[in-house]
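Colleague: okay, sequence plus prediction incoming.
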Amino acid sequence: MFGGPGGEAPAYADYFLFGTLQFPRLGSPRELLAADDPVHRWREQVSGLFRNLGDRFPRHPRA
């Protein structure tokens, strides 16, 4: 079960929101979401799609 904004399966809304959250994740030295935040868990799910494509980019060097 996916359970994101788009429902049971990833949809446009999931990718749109993920892109909005991915930019600060890669460009900021601060973690914006706590590890126990449901949005953090959802972001990790989306990041794992497409053979972990969302995790292939390095984080901010001071993160």
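Modeller: Everything's here; your move.
Colleague: low-confidence regions, the chain specifically.
Modeller: Applying pLDDT under 70 to the chain picks out residues 1, 63.
Colleague: ok, which stretches of it are helices?
Modeller: All helices of the chain, identified by DSSP state H, fall at 12-27, 38-47, 49-52.
Colleague: which of these sits most buried?
Modeller: Highest mean neighbour count among those (mean count of other CB atoms under 10 Å): helix 38-47, with a mean of 16. The C-beta positions use only the backbone N, C-alpha and C, and glycine is treated the same way.
Colleague: so what touches it?
Modeller: Here helix 38-47 makes contact (CB atoms under 8 Å, 6 or more residues apart in numbering) with 2-4, 10, 14-15, 18, 21-22, 25, 33-34, 54-55.
Colleague: swap in 6 Å and give it another go.
Modeller: Helix 38-47 is contacted by residues Gly4, Asp14, Phe18, Leu21, Leu33, Gly54, Asp55 when judged by CB atoms under 6 Å, 6 or more residues apart in numbering.
Colleague: as TSV, these with distance to Gly48 would be great.
Modeller: What follows is the contacts of helix 38-47, written out as TSV (distance: CB to CB, whole Å):
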residue	distance to Gly48
Gly4	12
Asp14	12
Phe18	11
Leu21	14
Leu33	16
Gly54	7
Asp55	7
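Colleague: if I look at Leu32, how far off is Val39?
Modeller: Going from Leu32 to Val39 by CB to CB, to the nearest Å gives 9 Å.
Colleague: likewise for Leu53?
Modeller: With CB to CB as the criterion, Leu53 and Val39 are 19 Å apart.
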